[in-house]
Every structure is written in C-alpha cells, then in structure tokens.
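Enquirer: I would like the atomic coordinates for the input below:
(chains A, B, C and D)
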There are 4 protein chains.
Amino acid sequence: MAYFQSKPAAGRHFLQIPGPTNVPDRVLRAMDNPTMDHRGPDFGRMGKALLDKVRAVFKTEGPVVIYPASGTGAWEAALANTLSPGDRVLMCETGWFAHLWHEMATRLQLQPDYIRTDWRRGADVAAIEAKLREDKGHEIKAVCVVHNETSTGCASRIDEVRRAMDAAGHPALLLVDTISSLGSIDYRHDEWGVDVTVAGSQKGLMLPPGLSFNAVSEKALKASETARMPRSFWDWKPMLAANATGYFPYTPATNLLYALDTAVDMLLEEGLDNVFARHDRHAEATRRAVRHWGFETQCADPRHHSSSLTAVRLPEGHSANALRATILEKFNMSLGNGLGQLNDRVFRIGHLGDFGDLQLVGTLGGVEMGLKAAGIPFQPGGVLAAMDYLNGNA
Amino acid sequence: MAYFQSKPAAGRHFLQIPGPTNVPDRVLRAMDNPTMDHRGPDFGRMGKALLDKVRAVFKTEGPVVIYPASGTGAWEAALANTLSPGDRVLMCETGWFAHLWHEMATRLQLQPDYIRTDWRRGADVAAIEAKLREDKGHEIKAVCVVHNETSTGCASRIDEVRRAMDAAGHPALLLVDTISSLGSIDYRHDEWGVDVTVAGSQKGLMLPPGLSFNAVSEKALKASETARMPRSFWDWKPMLAANATGYFPYTPATNLLYALDTAVDMLLEEGLDNVFARHDRHAEATRRAVRHWGFETQCADPRHHSSSLTAVRLPEGHSANALRATILEKFNMSLGNGLGQLNDRVFRIGHLGDFGDLQLVGTLGGVEMGLKAAGIPFQPGGVLAAMDYLNGNA
Amino acid sequence: MAYFQSKPAAGRHFLQIPGPTNVPDRVLRAMDNPTMDHRGPDFGRMGKALLDKVRAVFKTEGPVVIYPASGTGAWEAALANTLSPGDRVLMCETGWFAHLWHEMATRLQLQPDYIRTDWRRGADVAAIEAKLREDKGHEIKAVCVVHNETSTGCASRIDEVRRAMDAAGHPALLLVDTISSLGSIDYRHDEWGVDVTVAGSQKGLMLPPGLSFNAVSEKALKASETARMPRSFWDWKPMLAANATGYFPYTPATNLLYALDTAVDMLLEEGLDNVFARHDRHAEATRRAVRHWGFETQCADPRHHSSSLTAVRLPEGHSANALRATILEKFNMSLGNGLGQLNDRVFRIGHLGDFGDLQLVGTLGGVEMGLKAAGIPFQPGGVLAAMDYLNGNA
Amino acid sequence: MAYFQSKPAAGRHFLQIPGPTNVPDRVLRAMDNPTMDHRGPDFGRMGKALLDKVRAVFKTEGPVVIYPASGTGAWEAALANTLSPGDRVLMCETGWFAHLWHEMATRLQLQPDYIRTDWRRGADVAAIEAKLREDKGHEIKAVCVVHNETSTGCASRIDEVRRAMDAAGHPALLLVDTISSLGSIDYRHDEWGVDVTVAGSQKGLMLPPGLSFNAVSEKALKASETARMPRSFWDWKPMLAANATGYFPYTPATNLLYALDTAVDMLLEEGLDNVFARHDRHAEATRRAVRHWGFETQCADPRHHSSSLTAVRLPEGHSANALRATILEKFNMSLGNGLGQLNDRVFRIGHLGDFGDLQLVGTLGGVEMGLKAAGIPFQPGGVLAAMDYLNGNA
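Expert: Residues are numbered from 1 along each chain as shown, chains lettered A, B, ... in the order given. This next block holds a predicted model:
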C-alpha cells in the first residue's frame, strides 16, 4: 500500500486540509528528475531564471530569498534578518498561526505587543494604527501580520494595514505571512509596501512542503545591515550574493526547485488573476453550502473571508474531530482540524491550490454525507447550493 | 502543459469514460521503473509469480495468456486460436462492441450467426439456447458473448448462457469478452465453464491500455490443436511454452507488467468481493441520480444493469454530444460518447476502476451542472439522491 | 526491492542487452502522465501532431501506422496487409530474427524462398538479385530483409538491396525490419524505396516495449487492397482512416504514445545525424576493445558492422552464458545472450538508445572484468583502446 | 530538455560530485507519492516507524531529530540547542566545511578555539587533547569535528577524538558533522559517545537535499535545558514532544520523508556493513587509479582516507577547473570543484551513495579521458588499475 494508506482505499484520497495541498502530477514529475550539480553551469542558468520568475508571484521587483526549509523557517528568517534581541514588535493575534509566530518572537527574545481578536476576523487595523500613533519614540520596529489565518479562514486586509501605518506616520517594517495565501489570494508585495513577505511552498504554490520564501524590500535590506539577532542559516546576505549568479550559499533543495519552476509556470500560464478568481469562486460556493447546511463560518466579517479555506463552526455539543474522523474513515477525505481554542469546535475545508469544480463538489458532498453519518443536524442540499453558484459563475 | 491539456486547467481532470480508467499513482509509479532484461533470471522470477497471481482475478486455475497488445487483439486471439476459416460461430449483438467483434469475425473469414437485440439488455439467453438446439450437427463451433457491453451499460448473464448451452447439450466453445467487467463485476472463468475469457488492462485492472489477456480452458487448448486459422503473434502454443518458466516468446511489454503486478496486488489487498461490492454500490447510486433527474438508463432490464458504467438516455431533441462538450469545457470531465446507433442519444458515465465515493459525487455533480448549463430539462438533486444511497450503504 | 532486483544491488543496473534499452528519465516521466480520453479533442490534437512528427524518424513522407503491440506484431502486420495465403516471398536468413520472421511467414501460410548465410554478414544482395532475375513470372510478391540483425550485429545494406531489385526489374515489395536499427542507424524509407518498414519502440526509440510501427509506401497501400490474408487487428485501412484526424480505431496504448512523443522530440533535438554518428562512434570503440581483447566480432564483414550492438565470439571451449552470468552476478550488468545456433558461443553488447561515453566505458569495463573473473584468456586493456578512440573522436 | 541539460545530451549524466549523489529510482518514486495530511492518523503511524527506523543508521538508541531543512541547518541546530552566546567551543579546521562551521559559530556569537591543519588530514587528536587538558576550568563547552571533510577527502577518527576527550577528563560535548559520511562510512553515535550528530539527506542517504538531522545524546538534551542561544525553528524540545507520537511541531517535508523511509530500507536491506565495505572498496580502487595516473590524493594520511570521495591534486600549473569543464563538456560528468584554498588545485570524485562498480569504471574512465583531452600529463591505465583491484575484491 502507498504511504498514505493504512488500509486499502479505492480511489483518490481527497486531501482537503488547507495545506499541504494536492500536488499536480506535472509538479511531481518535475520534482523527481535526477538531482543535479548545484555548483555546475546548468544549475546557475536554472537558478537565475527561477529566482527572476518567482518574483511575479509576489508582485515584486525586488529579491525573493528561497530557503531549503519549511514555512516556519521563513518566519524566523523574517525576524532574524531585520531585528535585534529586545526589539519591540507589534503582532496581531488573528488565530493559531499568529499565536505561533508570536511565540516564536518571544523565544527569539523580541518583545511583542499583542493585539488580541476574537479569532473571527482579520487584523484589527484601527488598533494597529492606534498602537503606532501611541509609539511616539518609534520603538516598535516591525508590524507582523498574517495575511490569511489558516486556523480561522480570515484574511487580513494588508492594503489597509499599510494605509494605517502611513496614516500613523510610523517607520516600522511591515512583515506579512502569506503562507496560505500566496498563489491563491491576491497579494501585492510592492504595491502594499510590504517589507518582508513570508511564504511557503505547500499551499497555493502547489508543491510539497520543504521550501520557504522571504520577499525583501529595500528598507528591510537596509534594516538587516544593523539587525543584531544572531543568524547564519537564515542570513539574507550570503543568499543574495550567491543568488546574483543563480546559485545558493549552501546546498539548495534542488528537486523542490524543479517543482517550483514548474508550479510557477503553471500559475503564470493560468494567469494570476484567473487563479485568484478561481479561488474566490470556490470559496463563495463553499460558504453557500455552509450557510445552507445551517452553520456559521468561523470568519464573521464578510470583508475578511478567506478564499483559500473555510473554517466551519459546528453547533454546540457536536465534535468537529469526531466528524473529521468519520469522514476520513468512510469517505477517504482529510479535513483540517480546529487549532488551539478552536480544537473540536471547527473543521476546516481547504479549497486551494490545484483544485477544480468537481473536486469541490466531491469535497462538499463528502462533508454533507459525513454530517449525516455523524448524526449532526443540518439542512441537506448544501452541495446543490454550491453547484448552483458554480454553474452560474462557470 | 501536460499531454492531456490543450489549455491550462486547474485541478484534476475527471476521466469518467468507461475506460481507460483513472490509473492509481501506485500503478503509475510501478510502471515507470527501469525496463529490465526480459531474458534475465529476475524477469523469469517476476513473470512466473505474475502469471500465477493474475489467475485469481479471472477465478481460474488454468493458464492466462498476456499479450503486449490492447484488448482488440485479445478478441482476435480468442478466435484465431480456436477456430478455422469458414467455421460457424454464434454471436449476440448486445451493442457496439459486440458489433465490432462480429465484424472482426467476418473479416477473419468466420461465418457468424447473429442474434439481434435492441441494445437495451444483455445477451438473449433463450435465443442462444434455441439456436444451439437447432444446430443438431454441431456446426456452431463457438458462442461469443460480451459480458459487459461498454456501449450500453448492459451486462449479460454468463452463468445463464452457460446453463443454456448445457441445456442444449451443445459442445460449442464459450468465448466471453470481459474487457470492461474484469476486476469490477463478479466473473468466474472456471465455475461458469468459459473456454476463452478475453480481457484488457485499461478498465477494472486500472492500468493504461497496452496489455490484453486470454484465460484459456482445457477444452479451448484442445481446440487450438486443430484450429487452422493462420496465426503467429497470437498463437497460444509458444506463449504457454515460454510462460512455463516465466518468460515470453517475444518481447513483452515489461513496464506494463510491472504495473499489472501492482494492480493485481491492489485488487487482492482490497479483496475481489469488496471490489465488486464497491462497483455495485457506485452503479446503484448513479442510477438513482439518473432516475431522479428524470432520465432512463439505456439498460432497460434491471437484471442486466452494469456495475462498471451507466449509459444515460437524454430526452428526444437533446444532443448528448453537446452535453459532453459542455461538461468537458466547463467542468474538465470526460464522459463516454454514444457509439453506433446511440451516437448523440446517450452519454456514458464510467464508474469503475480506482474510484471512490467522492469522485463519484464530483462526477454526478459535474453531470448535473452540465445538464443545467446545456439547457436540458431535468429534476435537480440527483447528486443528493446518490449521496443518500451512498451514505446509507457506506 | 525494485522489480529488477532479486537481491539488494547498489548502483544502477547496466542494461546492455541490444534492447529493450535504457529508457531516459524524461521518457519515463512522460509515460506516467495520467491516461487521457482517447476519443476526446485533446487526444486528436496530440495524435495528429505525433503521427506527423514520427515520420521524420523513418525519413518518409508517407503514413506510419502505430500499433499498441510489440515489434513481432508489426512483422505480422507487414505480411498480413500486403500478401495472400500461398504467396511466395523471398527472405534472407541473416540470423535468429530473420529465422523467426521466416517461421512466422510459414505459419501464416506464405511460401518463403530462403537465402541462407553464415550468420556473419548482412543479406546477400547478389543472391537476392539472382533469385529475382530467375523469377520471370514475378511470383515473388515481397522481399523481406532484416536491416539490423540483433542476433549477430550485422547490418544489411538496404540501399544495395533496393538497387539489386531495380537491376532485376522486379516488382516485388520490399519489406524491411528496422526493429533494432531505427533511431540508431541511418535509415531512409522513402529514398531507399522501402514498401513497409517494421519497427518497435524499445530500441533506438528509447521506449519500453509495447508499441510497433509500419511505415507504408503507396505501392504497399495499393497491394493491401487486394491482399487476402485474413486480418483485422493489423488492418491498415481502419487505422489510416482514423489516423487522418489523430485517432485510432481501437484503444491505443496512450501512455506509450506520450513516451513516444517525448522520445521523438529527444531524437530531433539531438539531430538524427548526430544520433547516428554517436552510435557509429560507440560501435567502433566497442570493436576496438573486442579486437584488443583478442576476440572476433560475430560480424565478419566490415561493411556490415552494426552500430547498435556488437556480438562477440568467445574462443572455443568457453561459455558465453557462463560469462554473462558472472557479469550479472558480480557487476550488475545484463548482456545479450547468443540466440539459436549462437547460443553460448557469443554474447552481445547493446550500445544503442539513450547511451553516453561513460556508460560505454563502464560497460566495456564490466566485460573486461568479467572475462578475468570467468577465467577466459584475453589481452587486458580493451577499455583503454576504446577510450583512446572515444577521446580522439569526442 | 530536462532541467539538468542546457543542450541535448544522450545517455545518463554522471553526477560524481561528493553530493548530492545519484538518487535511486526507487527513492525518486517514493518521493513523488501524493503529499498526505501531516496531522492525520496515517502520518503518525508512518512518522513513528520512520523516526524509530532511522536510528539504526546513526547506530543510536536515542532520538534523531529530522529537520525540513538542508544540512547547514542541522549544523546551526546542533549549536543553537546546546550552547549559549559567548560560549567557547573547540573546532578543528580540517577543510572548507570545517571552516564554514567555524564561521557559523562566530556569527552565532560563540567563541571558537580553532585548531589548524594543512587540509591534508583529519582532525588533530593530540591537539584536541592538549587544548582540553589546558582548559582546567572547563570553559570549552563543545568540541566540534567534521567526520568526513567533503572538501579534502579526509576522514577524522571520531573514536580517537572520543578517547582524547576521555583522556583529558573533559566534560565538553562532542558535536560531529557526518553530512558526507553517514550511510557510507562506519559511524557509531552511541559507541563513540557523540552528543550531537549532524547529518544531511543528500549524500550516503541517497535522497535529494532538503532534510537534515540531529542525533542527540542524553547529555546533549540536558545541556539544551540551560542553553540560552535564541532558537525556535531548530528547537529540539517541541520536536521531541511531537515526535513521541510520530508527528512534527510544524509542517514536515512529507515527500522527502517518504524518500527517507525507502532509502533507509535500502540501506538496511543491503546491510550497513556491506554498504561500508562497498564504499571502502570503491575508494581504494579510486586511489589506485589516482596513484597510477601519477597524482597525489589531497589526503596525505592513509589512516584518514575518506571512503566517500577522493580529492585529487593536479600537478602544478594545471587547472582543475579547466579539467572539470572539459569533462563536463565532452563526457557529461560533473566532478566536485576545489573549495577555498584548494580552488583550481584539486578536483573531487564522489563515489558514494547509490553507486556500483561499473559506474565507478565509467567515472574513472571519464577522468582519464578528460586528463588527456585537457592536456595534463599522466600515466594512462588508471582505470585498469582500479578494475584489477575491483575484480580481485568483487
């Protein structure tokens, strides 16, 4: 049996967690090409072209650093390159991943200010502006926001965060986590004045996990010159020096770079705007199913709905984990669990990456059958509501 | 873009023709192992084990000949090994593929008696018995039946055909085409006294096309000794001689044999009875959706419903081909076309091979959305009817 | 362990039989794309482009029929489409494969005239001419020649055969087997006036076995209209009719067509002349090693040396099979065995397909080490002789 | 063309750098299985079994931490988990990689004592002992040694380092880099009392780059409780907590874990002792070729010869880089370049990982042909010297 099966399972597994996402065959086939000499001339050619091409996905003209490490590493890189021990940073608790990033900042000996939310909306832009206005001495060195909270399905408005920072006239860096939004929700590193964009390979980029990214502004680069956080593996400086000729200062994850090269081609062939529209459409269809069933989405603010995943709140007294176990057992589909305070309260449907209408119908059908099998009261027909929307907007 | 895409298509293509079917990743990965020396000792070991193991799928203790050729070739092999030019054979026109086999027999200079049907049921067992009883001189050398008519979704009752032949006391050989049933609908070569079972790789066996099979009875072997049809490539004799030690008389399709080895393992791991039950369940769910929509299945006799595909009749005045084109264009799903006299009248849903509940829900959802998009009147909710059945029988 | 290993073996297996050859990773990756709908619009586009592109490899402007069957089938197709039972054909016994083709012709109820050789050279062109001149009544309907005898490493001069036929003013068809030469030794279907070229996928075309080919002249097509050999699977007529729009009359071996598409691209990217020069160079290097060791090649006529394989004669009293077993056991390399009368007398080194200089050095090194290990007297240094030649002609 | 080719290249590329090494097909096929839910039950089962199994390769009963990061990261992890800013560490400059580790330690604000060598031998055990004896106050917190210096082909004697530390009665931790030795040269984490073993995936483990490892002793774990280096991504504590049930605290590189699972199986099937013997034998054969050519290995002490790679010194006045470029261009082989002070002075032959005799013969043949092509004087026949040794020790 394959790695992902503990028992024989006919048919394709539905991997509908909000990442890692379903890797397209074309990307898998690229990835399993023979590993090449990472110091040879062909590598340099490939590396240079790839480092250039990948910028389009971030909508930046500046450099994008690629780490042979998973997304959590790129969080650390963003902090370690721009900050010094003891620095104050402003963080927004939008959910579990914002919480983990906050925890990391603390472990790295930073002093985070922490704006709390109810985990049902994106970052509180007014609170950010207020905090920054208070900080007359500009002690806050960075504002850290998770663009798309994978634990709640709430997307923060980075354009508004930028405007709030400008309105406050505050010089802090803007660090944004796009791990579960890049390549699925519209994102504009340059236009929004982001200083470090943190990203990972295993969501909208349609790769297996193992690569992560920092897109870096001029201002961030300048900050890195004086930042005193001890760093070596994550250090941008040798990276950028080697990248200039298409190479890396230490062994890159060559085969994942093949996969990235192919995945970026796929995104650009489809067109980023088409990619975003597809995700928006699948998200709206999903929400219609959820509403039809009679449930709430965890995201309570329509302006903050995520297009890459939907977290669904179950009625009191019902276990989301039991539901997920039922669906996995009976229908061969993996859904995301509730994280932190949402454990067992919500389940999460990933609808991002390499994903089409019929996969979505199958996914929602699996949830609907699972609800019934698990004995959770719901209004049948959510799948039809989604299909109606998809059909009218195909 | 990949071979199967003329334009960028996000998400997985739904290949819901009644074969070739979706090849599991595990089988694809086996297939792309390096080709090996087909005369070396490792090949012999692999070949012997595989030739032995594959018998279980046919439910036979006798030999199974594997051709490096697609299914049509195995039809020819069945005729060429057992018959002589001018021989009379009794064939049953259950649909397009029975028609093609009949055409082949004619080209090969046999004289087929042809029992017509309305293409809405399996072989007419009473007519077979009558024809055989008439044939006092035993001039009919073989009865040829397609187990599962891929063009109509009607499965013939081979057990009843056998009983009819026995009742008539007729010594003709029984040749059965199981191309679209083997590995998805219960089939018993030995128990049903079949003399040659014809099969192909690309349906229930979950392989790409390129291999085909003859399971051969003692009686068929004996017939081959005197059969005078010119034959060389298809000749069983050198095949069986070489197979005795695990080899083949000419270069086998090595990589497809790797794939076969893995596919047979998968069927046996799941258990053939479970495999059949899964197909029965998916077929019943599909029929419930079809009935809910307000359509007829092409198969008009419930005792003959196929478990591997469903052919759906559209109301007069609606084009099945236009529907299929709409579904391909908008929803990235391939459905089977109507063949011969059924062209544009029916479309066919394949639900066989490596296939699970959520793929079926997505498939039926795609059909339902396509019906609406194509402007064909139907009762919405077929998907829910299918889901209700699946859920009650999970 | 992988399919090709009965015991753990570190490092890559050297598959140096004269076919199947080492399949490039790029071809394997193409082959394991998902199977597509062979009746859908994307297939037609792919099929049409491929059927067109493949002609370049045969150097023909005419049609090339692609069978989902291994090479032996294409032999049968060439005979079955152009001839009638009882027809006389002229065949040349250049070795084991010519022998098998002769045997096939006999089984198919043709009457072959058979020109014998000593299996140490190509077809006897003078004898062909003489036989044809004798045949005043033009009863001989076809001349059948194996271009490259895989059992002996002798290549027949098809250009000279053509001239001999013209000189004799004989209208017989010219049928040529290029199974082990196409894509590795210069071959010109149109220029040499060949009527049917028989080819297979698993040698110079660098695919796994499972596809075979007939390139067909106008004259052969015309002959097929009156040829009365019973045929169905092999019949060109429905093939060519369906091919006109890129389709096939029965299920093609879709995944092998993907592989073919990629392999033809690779041959054309390298350039056919470069491909042939590479094979010539490897063959000459191999012969220098063989001569240095003190052995004879099976081919005794320098004008007939094959560029795709070398058959090596061992001194009397030494077993080629024991040598091959030693080399397989100790050095993880498969070599070709002696076939028919050459069993145990020769071993064969395949140096065709996707093959480079260092693989050849490893191959010859394996033979040289094997000779010593097997206790066969030889002059050490054959590898160096080959390297000297390669280096001077890199 | 494939990623690794800037121009058409027939035959397989010889990737004979000392890592990344040639990834076996079986490992590539495992790697490209669909990504699975890293929080689902099947993952936990796989993770637990793998975390357990991998210990055998390190010869430890203790935990092995697996990072979704390349080897350089595991260096950082070893330092960051066990040490505090300002700590003294004793490092041995055995070559370029020891130099880089030293540089990293400095960047991470440690204070390294640095024992210099001439880059032609392993770590100076006597100097280590002397330094430790001097350090009466036990200010040195760790001794850092590179087991196998990939830049020089010198292997340090870790058993002797251990004895020296014991002899000095010094409590420092022993941190060992086995990136280019694990799985190819005998290594014993527990027996040699190593506290942190640093390893990477892309050498003896036969994977693509992207995973790295820390095997951790009880003593190291205890040290980590008080170590104050800021750390988060590299922190062992949450890793070990999650690993207890087979999971990871952040997204693991799932597909590389599939590959690791298969690679460890392959090593254990072959048997670690057989793996080491194979590498020893290939290394000795390589050195015999080098000596025959008339060159020196960079390693000047026979007790320190590496079994995974050989660095070859060219005569004065000859450019190793030009030689490598010639070999890449003419013979499609990548060799390792000279690093740091050895740039252009040496070239390095990797003979580790999934590697067999004939690949070695091809490799050495490529070097020998390249030497001639590049006009570097040498004694021809090195390949034969290697073959003689291999044959006598097959």
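Enquirer: give me the number of residues near the closest residue to A:K59 other than its chain neighbours?
Expert: With C-beta to C-beta, 6 or more residues apart in numbering or on different chains as the criterion, A:K59 has its nearest non-adjacent residue at 4.5 Å, and that residue is A:R188. (Glycine included, C-beta is placed from N, CA and C.) If you count neighbours by other C-beta atoms under 10 Å in any protein chain shown, A:R188 ends up with 15.
Enquirer: Now do the SS call for A:R188.
Expert: coil (DSSP: H, G, I helix; E, B strand; the rest coil).
Enquirer: And the pLDDT for it?
Expert: Among the per-residue scores, A:R188 holds a pLDDT of 98.
Enquirer: ok, so what distance separates it from B:F347?
Expert: Here the criterion is C-beta to C-beta, to the nearest Å. By it, A:R188 lies 44 Å from B:F347.
Enquirer: Check A:H13 too.
Expert: Separation of A:H13 from B:F347 (C-beta to C-beta): 28 Å.
Enquirer: Those two: who's more crowded?
Expert: Comparing A:H13 with B:F347 by other C-beta under 10 Å, the one with more neighbours is B:F347, at 26 against 22.
Enquirer: any idea which helix or strand carries that one?
Expert: strand B:346-350 (DSSP states H and E).
Enquirer: so how far is the helix or strand just after that strand from its chain's centroid?
Expert: For strand B:346-350, the succeeding helix or strand toward the C-terminus, using DSSP H and E, is helix B:357-373. In terms of C-alpha atoms, centre = their mean, to the nearest Å, the centre of helix B:357-373 is found 23 Å from the chain centre.
Enquirer: is stretch A:37-54 anywhere near chain D?
Expert: Yes: Stretch A:37-54 comes into contact with chain D (C-beta under 8 Å from any C-beta of the partner chain), by way of A:37-42, A:45-46.
Enquirer: of all the residues you listed, which comes closest to D:Y250?
Expert: Within these, the smallest distance to D:Y250 is 25.1 Å, found for A:H38 (C-beta to C-beta).
Enquirer: Would you confirm that the closest one contacts A:N255?
Expert: No: counting by C-beta atoms under 8 Å, A:H38 does not reach A:N255; the two are 10.9 Å apart.
Enquirer: thinking again about what came up before, just the buried residues of the residues of stretch A:37-54 next to chain D.
Expert: Neighbour-count burial (16 or more other C-beta atoms under 10 Å in any protein chain shown) applied to the residues of stretch A:37-54 next to chain D gives A:37-40, A:42, A:46.
Enquirer: Just want the angle from the top helix by length along chain A to helix A:357-373.
Expert: Using DSSP state H to define each element, chain A has its longest helix at helix A:272-293. Put simply, helix A:272-293 runs at 20 degrees to helix A:357-373, going by axes from the mean of the first three to the mean of the last three C-alpha atoms, to 10 degrees.
Enquirer: CA atoms only for helix A:272-293, dumped as PDB, please.
Expert: Taking Å, rounded to 0.1, in the frame of the first residue of the first chain, the C-alpha atoms of helix A:272-293 are listed here in PDB:
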ATOM      1  CA  LEU A 272      -2.600  35.100 -11.600                       C
ATOM      2  CA  ASP A 273      -5.900  36.900 -11.900                       C
ATOM      3  CA  ASN A 274      -7.600  33.800 -13.100                       C
ATOM      4  CA  VAL A 275      -6.100  31.900 -10.300                       C
ATOM      5  CA  PHE A 276      -7.400  34.300  -7.800                       C
ATOM      6  CA  ALA A 277     -10.900  34.400  -9.400                       C
ATOM      7  CA  ARG A 278     -11.000  30.600  -9.300                       C
ATOM      8  CA  HIS A 279     -10.200  30.600  -5.600                       C
ATOM      9  CA  ASP A 280     -12.800  33.400  -4.900                       C
ATOM     10  CA  ARG A 281     -15.400  31.400  -6.700                       C
ATOM     11  CA  HIS A 282     -14.700  28.100  -4.900                       C
ATOM     12  CA  ALA A 283     -14.700  29.900  -1.600                       C
ATOM     13  CA  GLU A 284     -18.100  31.600  -2.200                       C
ATOM     14  CA  ALA A 285     -19.500  28.300  -3.300                       C
ATOM     15  CA  THR A 286     -18.300  26.700  -0.100                       C
ATOM     16  CA  ARG A 287     -19.800  29.400   2.000                       C
ATOM     17  CA  ARG A 288     -23.100  28.900   0.300                       C
ATOM     18  CA  ALA A 289     -23.000  25.200   1.200                       C
ATOM     19  CA  VAL A 290     -22.100  26.000   4.800                       C
ATOM     20  CA  ARG A 291     -24.900  28.500   5.100                       C
ATOM     21  CA  HIS A 292     -27.400  26.100   3.500                       C
ATOM     22  CA  TRP A 293     -26.400  23.400   6.000                       C
END
